[in-house]
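# model the structure of this input:
(2 chains)
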Amino acid sequence: MYSQEIMQRGEGPIVLKRRQSLLIGTVGEGSVMGLRKKDLLGLEHVETDEISLILDTAASMKEIIGRQIKKVPTLRGKTVVNVFYEPSTRTRTSFELAAKYLSADSVNISASTSSVVKGESLKDTSATIAALGADVVVLRHPMAGAPGLVANTVKAAVINAGDGAHEHPTQALLDMFTVRERKGGLEDLKVAIVGDILHSRVARSDIWGFTKMGARVSVCGPSTMLPPGLEKMGANVLENMEDALLGADVIIMLRIQLERQQQGLFPSVREYARLFGLNREKLALARPGALVMHPGPMNRGVEISPEVADGTHSVINEQVTNGLAVRMALLYLLAGGGTQ
Amino acid sequence: MKILIKGGRVVDPVAETEKNLDVAIEDGIIVEFGNNLKEDSAEVIDAVGMLVAPGLIDMHVHLREPGYEAKETIETGLKAAVRGGFTGVACMPNTKPVADNQTVISYIIDRTSGLGLARVWPIGAITRGSKGEELAEMADLKKAGAVAFSDDGQPVTGAGIMRRAMQYARMVGLTIIAHCEEPALVAGGSMHEGFMSTRLGLKGIPGAAEEVMVARDIILSELTGCPLHIAHVSTAGSVRLVKEARARGLKVTAEATPHHFTLTDQAVEGYSTSTKVNPPLRGEEDVAAVRQGLADGTIDVIATDHAPHTPEEKEVEYDRAPFGMVGLETAVGLVWSELVESGILTPARAVAKMTINPARILGIEKGIIQPGAVADITVIDPAREEVVNPNEFASKGRNTPFAGRKIKGLPVLTMVGGKIVFSRL
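Coordinates of the predicted model:
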């Protein structure tokens, strides 16, 4: 089905790699796995084989993005509703394009221009979206747990596009995809996540995801931004950035929100940059060929120096492209034939 | 009108005894204890296998009226009370308007009379509007019927005003009930700070937010000589502070809620807003310390902090939901299942924490069962079980984290002034 559709695009036959054929070629043979849940709310409750499936699927999708005509009819007739209660450029655009490349209809709702400003509850807004016939609801929300509330209200698949400080699973998946593509795998890699761990949903999803896939994750940040219990999530907790970078294969820098300084979480941007900013000298502590990543948007000169952000180790722009592939994969798996 | 409660086991929380006795009631008064009392023309209640206790008192209830009648009214709250085995409740002043003046206290008392349900003892505010700025008219509040003072729901943030409040309350002769919470440490948190809050990405409230205020208020109680009652103790540190204060002979008492001795922050998994409560559900060590405090007598009182909210208020994002859970109709079952069955408390000591102990703190002549006393009586069937079903609640509030939980040891008959106000016998 799916493979036929791809071929019908007239782009010539596509060579199915083994992992792709696993996904696409064996429908009906009982060996194809799907995602076990209707929704993707976080990586904590996603199994290793599901993560592999998503990443494998994303690899096929990346091929589509590379084509001149970036469109397949796979999700024709399906509707994806992007509901964004927080401002977002890359994630929202990424989901929107992912839907479009798969020929789904997509609609964007942002809180500031919707009935949310009239005081409608999330539950009622969800019910309305469901009644309009959404197949997938992509939700970005400032409060942890909001996607679960929506998932319990609607039949559609819900994809968490970031909820408060809880999880941002698609970001972690694209991070893993990027690393896997560059490094050939994730097992035993040393991953350092640096910055405001306390408020970071990216850090939480990355910790769950990378550790599940066999990587060793260290988290590092000022003591005021290291919440309790990170060890129990499987991470090694460090307050010294040099320790975290030593021998790292992957460095994930987190955005520091400058208003945290007013909240008393660090004394000054200057000192923060000195202790927890990534520059060329600190990068030298990592392994040769280490990858530098950032979920964006960056504060250049604060958590990352421009020379590192634009340097040879940086895969920051690749992350964006890969994000699109990962989101296409998820839309396919959750709205297409991918679910069991 | 004569009633004979026959064959039950009378629990006397003052003497800490249990005896097989029949209880004869006439004209609202307990007239006789004895074995094989004659039935005469009395209505007979068969209490074989059951415990006959003084009427239970919940000294920490939010009845919500006036002002928040969508959440609860005095009538629905008192129906919930008697269904939960309580013959009397003390209600917190965070109504709208706040019970910081005689009029509101009188209104509550007026609305209660004639309902024929549980008794109500209003608690007056410490400060005007519970804003923590100016003292409420405490002497007038007492004159109107207030039995204690509290700004519950809010801490009294300033140490200076709390000191004056305690000095004044001591003169008036009533206890200060402290809601201990340092706002700067709560800082917008919505659950206990720990591994669970990190995992769920919810802002945490450290145990220290409670403990620094418990410590401060104990120090101020010592300074002023004012009796201090710490509401809803939830952390190991608070239990330790109270224990130390008591060891030094200070007039400090404390209460714990069924949810704080039963549940940990693990319950927040899944973001069910029925688990959102202030103080929050704490860690395992805290729950263990609260149980230990109940066992060793550091915690004198079990009170529910019954805090009803409407479903629409609770069916929102976790951060947006109001704090509070209902408790009146599950309290006895939880006390029995969690504390008595497991041997942490004897029936008599469990009953004391819901009768004579709160009565003494509030200065009301209740909590005793003996001939001559007014017949406020609760009959508990320690063998009776139920699965908690919020739809059966008499309260308007359905916000309980215990829905679907099996509890054993239920109130089966509630008698106020010799009148049966609730029975499921």
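
# for chain A, which helix is longest?
Residue-count comparison of every helix in chain A, with assignments taken from DSSP state H, identifies helix A:316-335 as the longest.

# so what's the gap between it and the chain middle?
In terms of Cα atoms, centre = their mean, to the nearest Å, the gap separating the centre of helix A:316-335 from the centre of its chain is 8 Å.

# again, but for stretch B:341-353
Using Cα atoms, centre = their mean, the mean C-alpha position of stretch B:341-353 is found 16 Å from that of the whole chain.

# in that stretch, which residues are buried?
Along stretch B:341-353, the positions that meet the burial threshold by neighbour count (16 or more other Cβ atoms under 10 Å in any protein chain shown) are B:344, B:345, B:347, B:348, B:349, B:350, B:351, B:352, B:353. Bear in mind the C-beta positions are built from the backbone N, C-alpha and C, glycine included.

# got a list of contacts for it?
Residues from elsewhere that reach stretch B:341-353, judged by Cβ atoms under 8 Å, 6 or more residues apart in numbering or on different chains: B:11-14, B:16-18, B:51, B:53-54, B:56, B:291, B:294-295, B:299-302, B:335-336, B:338-340, B:367, B:382, B:408-409.

# how close does the residue nearest in space to the middle of chain A get to residue B:75?
In chain A, the centroid-proximal residue (Cα atoms, centre = their mean) is residue A:171; its distance is 1.4 Å. Using Cβ to Cβ, to the nearest Å, one gets 52 Å for the distance from residue A:171 to residue B:75.

# in what helix or strand does the residue in the stretch 201-340 of chain A positioned nearest to chain B lie?
Chain B sits closest to residue A:229 of the stretch 201-340 of chain A, with a gap of 2.8 Å, by Cβ to the nearest Cβ. Using DSSP states H and E, residue A:229 sits within no helix or strand.

# contacting residues around it?
With Cβ under 8 Å, 6+ apart as the criterion, the residues that contact residue A:229 are B:194, B:195, B:196, B:197, B:198, B:199.

# would you say residue A:134 is within a strand?
No: remark: residue A:134 does not belong to a strand; assigned using DSSP: H, G, I helix; E, B strand; the rest coil, it is coil.

# residues in chain A within reach of chain B, list them.
Where proximity means Cβ under 8 Å from any Cβ of the partner chain, the interface of chain A facing chain B comprises A:44, A:121-123, A:141, A:143-146, A:148-149, A:163-167, A:201, A:204, A:227-230, A:232-233.

# circling back: please flag which of the contacts of stretch B:341-353 sit within helices.
Secondary structure from DSSP H places B:291, B:294, B:295 of those in helices.

# ChimeraX command to pick out the buried ones of those residues?
The buried subset of the ones in helices among the contacts of stretch B:341-353, as determined by 16+ other Cβ under 10 Å, is captured in ChimeraX by this line:
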select /B:291,294
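
# also near chain A: which of the ones in helices among the contacts of stretch B:341-353, exactly?
Taking Cβ under 8 Å from any Cβ as the test, chain A is in contact with none of those.

# quick check: closest non-adjacent residue to the one residue in the stretch 1-150 of chain B that gets nearest to chain A.
When distances are taken as Cβ to the nearest Cβ, the stretch 1-150 of chain B approaches chain A most closely through residue B:70, which lies 15.5 Å from it. Nearest residue to residue B:70 in three dimensions, chain neighbours excluded: residue B:310, at 5.3 Å (Cβ to Cβ, 6 or more residues apart in numbering or on different chains).

# need the phi and psi values for the one you found.
Recorded main-chain torsions at residue B:310 are phi -80, psi 160, according to degrees, to the nearest 10.

# where do the strands of the stretch 201-340 of chain A begin and end?
Along the stretch 201-340 of chain A, counting by DSSP state E, counting those that start in this stretch, strands occupy A:216-220, A:236-238, A:250-253, A:291-293.

# would you list those strands in a markdown table and tack on mean neighbour count?
A markdown table is the format used below for the strands of the stretch 201-340 of chain A (neighbours: other Cβ atoms under 10 Å in any protein chain shown):
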| stretch | mean neighbour count |
| --- | --- |
| strand A:216-220 | 23 |
| strand A:236-238 | 18 |
| strand A:250-253 | 27 |
| strand A:291-293 | 23 |
